[in-house]
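# mind looking at a prediction? Sequence and model below.
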Amino acid sequence: MCTTQDVRDPAEPRTSRIRGVSRRDLYAAGAALLLFLTALFVGRAIRAEEDVLHIRWPPLYAYWDPHVGPGTVAAPLVALLVVAYGPVLARRLSWRGVLLAGWVGSLLWTWSLALIDGWQRGVAERLTTKYEYLQSVPDVHDIGHTVRTFTDHILLNSPDNWPPHVAGHPPGALLTFVGLDRIGLAGGGWAAVWCVTLASSAAVAVLLTVRALGDSGSDGTAEDGSDGARKGGSADGLGGGELLARRAAPFVVLAPAAVWFGVSADAYFMGVGAWGVALLALAATRRARAPRAAAVGAGLLFGLVLYLSYGLVLLGLVCLAVLAAARTARPVPYVLLGMLPWVIAFTAAGFWWFDGYTTLVERYYQGSARFRPYGYFVWANLAANVAVVGLATAAALRHAGGALPGAVRGLRRAPARGEAALVLLVAGAAAAVLAADLSGMSKAETERIWLPFTLWLLPAAALLPTRGHRWWLAVQAAVPLTLNHLLFTGW
């Protein structure tokens, strides 16, 4: 069993009246909640004057629908177990046990939240609506022809134009569900199982990444020979990365983002991207037995990601943060080598990525994007994602922001370790979110579209004082439980 140490700014008051929770953390969480409420009231005022937002419950793509379902009992029970036992198990289990518990916990949490809406409405029908991929699966008779003519059906005025989600992504997304159909896993239920399983596995990828980047060595000693505990390690020999990953594990499991894991295709994209980042981190830190093979594997996943969603090129900012933290570019040629087969295959089949993207931009402004005001969504998008990452993450980002300058300066001397590595990883995710926001290509629905980026903000909760972890976990759980019982989220 390992011991933990609080991460605290010596200049701040020690705690509020809530044991182990600092006042400044509460202020940060309160500011995030205020941002969300402001976006809600401003959005409702805009809708009342003229509905240019085209969402019923701004800033979220949802509508008011108080309800209960099979998950009404299961979801609070899962939350209670994680709050009560998550931090203890994260400290005491073996590392492999933590990873297994993280995946199982994330699966249970996601499924229980989805089932609040019931099996049909909450799971089986999610990917079968008129906007979704499964609507187009019966139309794909010849995969080669589909890829070759894919761009011809993106625009609204084109013959047999694709539904919004098919048109909004490269052909890899549609072909995934075509592939499931062809092997006998047809329909919305199997598509949901695919998305939820991969999305929940991202919890393991996050923990592996945090551990790989942050560990100062298996003996808990930093490269300069000083005591690992002072560098973010622990007294019993755990490296700083593993200690931080264990602290983060319950928060990654109990993520409010699980509302959108179950069930959206973006959660599947997130899972693929997360494992790419994890393999890159293992390659960059040489913690994989075969670093070059890990880098090629990362490239294969990133290549797939390119043909699942155009916007995921911004995942490159998270990758840059990983390479910066490790202070190396060694994996880059092997990553590019891994990506190459996808580029060659899709290009040879007749789909040119840049043509697809530029045509999509035109389609985007044929639809509701031409009405939705940039001046509202450029900040309301961020407000919507308060519901995705939760108030604990908002409080933790205060710690990450304060530590970022020191983490960057430290790179002049050596690769980042411990908390510095985690801070850089979180900064890369924040940069990806801000870039996506400023681009104007995501006006609303960012609670699901940005999942591949917001996922990497969740482990910042490891920076919160450990004595307050159970309280913050309860706050995290309250957000999705409230949302899924009062709203019906759609996409």
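Cool, got the structure. Residues are numbered from 1 along each chain as shown.

# please count neighbours and contacts with C-alpha atoms only from this point.
Fine.

# quick one: the strands in the protein, in order.
62-64, 487-489 (DSSP state E).

# got the contact list for the last one?
The one in question is strand 487-489. By Cα atoms under 8 Å, 6 or more residues apart in numbering, the surrounding residues in contact with strand 487-489 are L60, Y61, A62, Y63, W64, D65, P66, H67, D117.

# stretch 323-333: which residues count as buried?
L323, A324, A325, A326, R327, R330, P331, V332 (16 or more other Cα atoms under 10 Å).

# turn those residues into CSV, columns for distance to L243.
As requested, these are exported to CSV (distance: Cα to Cα, whole Å):
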residue, distance to L243
L323, 21
A324, 21
A325, 17
A326, 18
R327, 21
R330, 26
P331, 26
V332, 28
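
# and the residues you listed, which of them are in helices?
Of the positions in the buried residues of stretch 323-333, L323, A324, A325, A326, V332 sit in helices, assigned by DSSP state H.

# quick one: low-confidence residue ranges for the stretch 201-350 of the chain.
Scanning the stretch 201-350 of the chain for pLDDT under 70 picks out the ranges 216-239.

# and with 50 instead?
For the stretch 201-350 of the chain, the stretches flagged by pLDDT under 50 are 217-237.

# ok, A278 to L304 distance?
15 Å (Cα to Cα, to the nearest Å).

# swap in L320?
Remark: distance between L320 and L304 (Cα to Cα) = 18 Å.

# give me the more crowded residue out of the two.
Ranked by neighbour count (other Cα atoms under 10 Å), L320 and L304 place L304 first, with 22 against 17.

# so that one makes contact with W342?
Yes - with contact defined as Cα atoms under 8 Å, L304 reaches W342; the gap is 6.6 Å.

# one step back: what's the closest of the buried residues of stretch 323-333 to R470?
Closest to R470 out of those is A325 (29.4 Å), distances taken as Cα to Cα.

# surely the closest one and D215 touch.
No - here A325 lies out of contact with D215, judged by Cα under 8 Å, at a distance of 11.4 Å.

# residues shared between the contacts of those two?
Shared contacts of A325 and D215, counting by Cα under 8 Å, 6+ apart, come down to R417.

# hang on, the earlier thing: buried ones only from the contacts of strand 487-489, please, as a ChimeraX command.
This is the ChimeraX syntax for the buried subset of the contacts of strand 487-489, where burial follows 16+ other Cα under 10 Å:
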select :60,61,62,117
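
# in JSON lines: the contacts of strand 487-489, plus pLDDT and distance to A192.
Formatted as JSON lines, the contacts of strand 487-489 follow (pLDDT from 0 to 100; distance: Cα to Cα, whole Å):
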{"residue": "L60", "pLDDT": "97", "distance to A192": "21"}
{"residue": "Y61", "pLDDT": "95", "distance to A192": "19"}
{"residue": "A62", "pLDDT": "95", "distance to A192": "19"}
{"residue": "Y63", "pLDDT": "93", "distance to A192": "22"}
{"residue": "W64", "pLDDT": "96", "distance to A192": "24"}
{"residue": "D65", "pLDDT": "96", "distance to A192": "22"}
{"residue": "P66", "pLDDT": "97", "distance to A192": "23"}
{"residue": "H67", "pLDDT": "97", "distance to A192": "21"}
{"residue": "D117", "pLDDT": "96", "distance to A192": "14"}
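
# tell me who's in contact with the nearest residue to P59 once chain neighbours are set aside.
Leaving out its chain neighbours, the residue that sits closest to P59 by Cα to Cα, 6 or more residues apart in numbering is A384, at 5.3 Å. Residues in contact with A384 (Cα under 8 Å, 6+ apart) are F36, A39, P59, L60, T446, E447.

# what residues are up against the fifth one?
Neighbouring residues of T446 by Cα under 8 Å, 6+ apart: N381, A384, N385.

# gap between the second one and A460?
Put plainly, it is A384. Distance from A384 to A460, by Cα to Cα: 19 Å.

# same question for V332.
26 Å.

# farthest pair in the ones in helices among the buried residues of stretch 323-333?
A325 and V332 (14.3 Å).

# hmm, back to that, which one of the strands of the chain lies closest to I143?
Per Cα to Cα, nearest to I143 of those: strand 487-489, 32.4 Å.

# what about the closest one, distance to the chain center?
Strand 487-489 has its C-alpha centroid displaced from the chain centroid by 20 Å (Cα atoms, centre = their mean, to the nearest Å).

# and that strand, which strands flank it?
If you go by DSSP bridges, strand 487-489 pairs up with strand 62-64 (antiparallel).

# what lies in contact with the strand it pairs with?
Outside strand 62-64, the residues touching it (Cα under 8 Å, 6+ apart) are I55, R56, W57, L486, L487, F488, T489, G490.

# which residues sit in contact with W190?
A124, L180.

# what does A257 give?
By Cα under 8 Å, 6+ apart, the contact set of A257 is A387, V388, V389, E447, L451, L455, P480.

# how about the backbone phi and psi for it?
Main-chain dihedrals, A257, degrees, to the nearest 10: phi -60, psi -20.

# quick check: L301 touching L337?
No - L301 is beyond contact range of L337, at 11.5 Å (criterion: Cα under 8 Å).

# of the two, which one has the most company?
Taking neighbours as other Cα under 10 Å, L301 and L337 compare with L301 leading, 23 against 17.

# what's the closest non-adjacent residue to that one?
Per Cα to Cα, 6+ apart, closest to L301 is G276, 5.3 Å.

# what's the neighbour count on that neighbour?
G276, neighbours per other Cα under 10 Å, totals 27.

# I'd say it and G303 touch.
No - between G276 and G303 there is no contact under Cα under 8 Å: 9.5 Å.

# report the buried residues of stretch 171-184.
Applying 16+ other Cα under 10 Å to stretch 171-184 flags P171, G172, A173, L174, L175, T176, F177, V178, L180, D181 as buried.

# list the contacts for the third one?
It refers to A173. Y133, V166, Y307, L308, S309.

# so what's the third one up against?
Think Y307. H169, P170, P171, G172, A173, W353.

# need the pLDDT of the third one.
I take that to be P171. At P171, the model reports a pLDDT of 98.

# ok, it - contacts?
P171 neighbours (Cα under 8 Å, 6+ apart): V147, F150, Y307, L308.

# please repeat the previous calculation with a cut-off of 10 Å.
143, 146-148, 150-151, 307-309, 346, 351, 353, 356 (Cα atoms under 10 Å, 6 or more residues apart in numbering).

# and what of the last one?
The neighbourhood of W353, defined by Cα under 10 Å, 6+ apart, consists of T151, P170, P171, L306, Y307, Y310, V343, F346, T347.

# am I right that R287 is in contact with A295?
No - at 11.6 Å, R287 does not count as touching A295 under the criterion of Cα atoms under 10 Å.

# which neighbours do those two have in common?
Listed as contacting both R287 and A295 by Cα under 10 Å, 6+ apart are L279, A281.
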